[in-house]
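> Starting from these lines, generate the structure:
(one chain, ligands or ions: 2)
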Amino acid sequence: MNSFVLRSAKQCVVNGRSYGTISGVRTVYGSAVVGRSVELSGQRNGGLAFGGLEWRRMMSYAPASMEKAPLEKKERENSAAEDTKGEDVVASSYWGISRPTITREDGTVWPWNCFMPWETYKADVSIDVKKHHVPHNFVDKLAYRTVKFLRVPMDLFFEKRYGCHAMMLETIAAVPGMVGGMLLHLKSLRKFQHSGGWIKALLEEAENERMHLMTMVELVQPKWYERLLVLAAQGVYFNAFFLVYVTSPKLAHRFVGYLEEEAIISYTEYLEAIKSGKVENVPAPAIAIDYWRLPKDATLKDVITVIRADEAHHRDVNHFASDIQFQGKELREAPAPLGYH
Ligand SMILES: [Fe+2]
Ligand SMILES: [Fe+2]
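Ligands and ions are numbered 1, 2, ... in the order given. Take a look at the predicted model:
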């Protein structure tokens, strides 16, 4: 029995809760998991129990094959298979590190290494997607007009190619949380101060955005020139955002707040195209079904709906972060919205 299992067994004794099985041993994710999983380990999340039925629902099976991208699906199957056999390839390690088999309640293997069952959640789709922060001052107006200006070339380039547009948007959207989280982390080290949970909250946002990208990539395969565009955009955007965040975090967060508002508009257009039949409502990718705990017959429309809800939450977090600093306070002085989806 390896040390991971021993640690898990120890936690089980301490917490007295069990949510799943790892290598046949009842295992607890309670105190070992922070942030959004605190809500999960609280046994209720969004009004639904995490254990029992909810657990089984979360562990959905892969959907029926997607007509539009058979080759990509094959690659995904290979990738998932690789994930599950990885344990066999690295059966033991001199360093004591191995990924134990995490199983569903029905005994089937959890196929993802990139996220674990306790990191999944049900999106709060009841959030108001029309909320808008009216620009009040120079910083607000600068942020707002910059975002609106940047939207023009994006719309011209992608036109009605909603999937490509969304995918490219996600490559940009996943940068600010990582830059902000990294800078707050360094500040915490420099100043010997707690971050108030904001490091984790911003990194959660970055990870959530990255999962949007991983989902969109299952639906749309980027062309070579789009990959080139991502490379160039990331080089410019990462450095520019880094400088803005160092100079004026309140401008940086306001900018992201408006960027999220634009993302909501883009996903609303995407949804309308699906509803009108312009875009085929294909089955949801398996990764999306597991990550958002969607029903196994979920479709693209369900996926875009939950992603849009995520964007609305990011909008709130970033406008909130900017507001805190406009009040002359530091982020750490206000509670970080950990696990806010
Ligand atoms: Fe996103
Ligand atoms: Fe977002």
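> Show me what counts as buried in the helix or strand harbouring Val236.
Here Val236, judged by DSSP states H and E, is contained in helix 224-247. Buried positions in helix 224-247, judged by neighbour count with 16 or more other C-beta atoms under 10 Å: 226, 230, 237, 241-242, 244-245. (Glycine included, C-beta is placed from N, CA and C.)
> Measure how far the following helix or strand past it is from the centre of its chain, please.
From helix 224-247 onward toward the C-terminus, using DSSP H and E, the following helix or strand is helix 249-275. Relative to the chain's own centre, helix 249-275 is displaced by 15 Å; criterion: C-alpha atoms, centre = their mean, to the nearest Å.
> which helices and strands sit right next to the next helix or strand along the chain from helix 249-275?
Note on helix 249-275: by DSSP H and E, the next helix or strand toward the C-terminus is helix 286-291. Helices and strands in packing contact with helix 286-291 are listed as helix 70-89, helix 198-219; criterion 3 or more C-beta pairs under 8 Å, 6 or more residues apart in numbering; DSSP states H and E.
> what is the mean pLDDT for helix 286-291?
Summarised as a single mean, pLDDT over helix 286-291 is 94.
> is ligand 1 contacted by that helix?
No: interface with ligand 1: helix 286-291 contributes nothing (C-beta under 5 Å from the ion), its closest point being 12.5 Å away.
> Now do the helix or strand just after that helix against helix 249-275, angle only.
Scanning the chain past helix 286-291 towards its C-terminal end, the next helix or strand to appear is helix 300-326 (assignment: DSSP H and E). Relative orientation of helix 300-326 with respect to helix 249-275: 160 degrees, computed using axes from the mean of the first three to the mean of the last three C-alpha atoms, to 10 degrees.
> Quick check, central residue of the protein?
Within the chain, the residue whose C-alpha comes closest to the C-alpha centroid is Asn208; the distance, by C-alpha atoms, centre = their mean, is 1.2 Å.
> who's in contact with that one?
With contacts defined as C-beta atoms under 8 Å, 6 or more residues apart in numbering, Asn208 is in contact with 177, 310, 314, 341.
> Pick out the most distant pair among those.
Set against one another by C-beta to C-beta, the contacts of Asn208 have their most distant pair in Gly177 and His341, with a gap of 13.7 Å.
> least reliable of the helices and strands packed on helix 286-291 going by mean pLDDT?
Out of the helices and strands packed on helix 286-291, the stretch the model trusts least by mean pLDDT is helix 70-89, with a mean of 47.
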